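Novice: Return a 3D structure for these sequence lines:
(one chain, ligands or ions: 2)
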Amino acid sequence: MENYCKEFKIQKNDIGNAGTVASLTKRELKRRGLTKDFVKTVTIGIYEAEINVVIHSYGGTCVVSIDDEFVNVTFKDNGPGIECIDSALTPGFSTASHYAIENGFGAGMGLPNIKSVSDEMELTSSKEGTTLHMKFNISGDSYES
Ligand SMILES: Nc1ncnc2c1ncn2[C@@H]1O[C@H](COP(=O)(O)OP(=O)(O)O)[C@@H](O)[C@H]1O
Ligand SMILES: [Mg+2]
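Specialist: Ligands and ions are numbered 1, 2, ... in the order given. As a prediction, the model looks like this:
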């Protein structure tokens with residue numbers, strides 16, 4: 001199947017549109033004949049990362065690319081960055097704002113979930129911003145039979 005590549009902009013605190021990258025990617029993965037389980041796995045990872053950019057950063061971008069072997073997703077945002085990546089990856093750790101918590105976010109499970117659903121995850125951060133790359137392997141079993 002042809003390769004897919006799409007870039008999205010994500011705005012700070014735009015909770016109303018949070019989930020757009022996840023749902024458009026879900027649609028594309030379904031269209032490509034990938035299984036419900038595979039689609040769910042990828043969608044969970046993207047959704048959590050998308051929410052993080054909305055609630056924790058000053059805004060950013062996401063690039064999703066899909067070929068026959070991999071789904072690659074890269075989120076890049078502008079500050080304030082993650083002070084300690086080890087803490088951020090600990091289940092339950094959260095610095096979510098009152099606003100985020102009021103909207104149902106801030107359980108501190110986003111990054112641990114991203115790590116567990118993805119086949120590869122790379123997280124780098126500084127005061128200028130955060131980059132999160134996740135990769136999902138597509139195999140024969142990933143397709144609906
Ligand atoms: N894009 C980001 N920019 C800045 N900080 C982030 C970002 N993503 C995650 N974090 C930090 O890592 C913590 C843990 O993230 P996560 O596991 O998704 O939990 P939650 O979003 O529920 O707080 C966040 O509370 C925040 O401190
Ligand atoms: Mg989160």
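Novice: For the longest helix along the chain, the averaged confidence score.
Specialist: Scanning the chain for the helix with the most residues, using DSSP state H, yields helix 36-56. The pLDDT scores in helix 36-56 average 98.
Novice: chain center to that helix, what's the gap?
Specialist: 4 Å (C-alpha atoms, centre = their mean, to the nearest Å).
Novice: which of the residues in it are buried?
Specialist: When burial is assessed from 16 or more other C-beta atoms under 10 Å, helix 36-56 yields the following buried residues: 38-39, 41-56. Glycine gets a C-beta too; all of them are placed from N, C-alpha and C.
Novice: Stretch 18-27 now?
Specialist: Quick answer for stretch 18-27 (16+ other C-beta under 10 Å): 18-22, 25-26.
Novice: Please narrow those residues to those residing in helices.
Specialist: 20-22, 25-26.
Novice: And those, which is closest to Leu132?
Specialist: Nearest to Leu132 among those is Val21, at 12.4 Å by C-beta to C-beta.
Novice: my guess is the closest one contacts Val64, does it?
Specialist: Yes. Contact criterion C-beta atoms under 8 Å: Val21 and Val64 qualify, at 6.8 Å.
Novice: So for these two, which residues contact both of them?
Specialist: Shared contacts of Val21 and Val64 (C-beta atoms under 8 Å, 6 or more residues apart in numbering): 8, 46.
Novice: Show me what residue of this protein gets nearest to ligand 1.
Specialist: Using C-beta to the nearest ligand atom, the single residue of the chain nearest to ligand 1 is Gly110, 2.2 Å away.
Novice: Without its sequence neighbours, what residue ends up closest to that residue?
Specialist: Spatial nearest neighbour of Gly110, excluding adjacent residues (C-beta to C-beta, 6 or more residues apart in numbering): Glu48 at 3.9 Å.
Novice: which residues touch that neighbour?
Specialist: The neighbours of Glu48, taking C-beta under 8 Å, 6+ apart as the test, are 109-111, 113-114.
Novice: Ok, Val73 next?
Specialist: Val73 makes contacts with 25, 42, 45-46, 49, 62-65, 133-136, as judged by C-beta under 8 Å, 6+ apart.
Novice: Could I get the phi/psi values of Tyr143?
Specialist: The phi/psi pair for Tyr143 (degrees, to the nearest 10) reads phi -100, psi 140.
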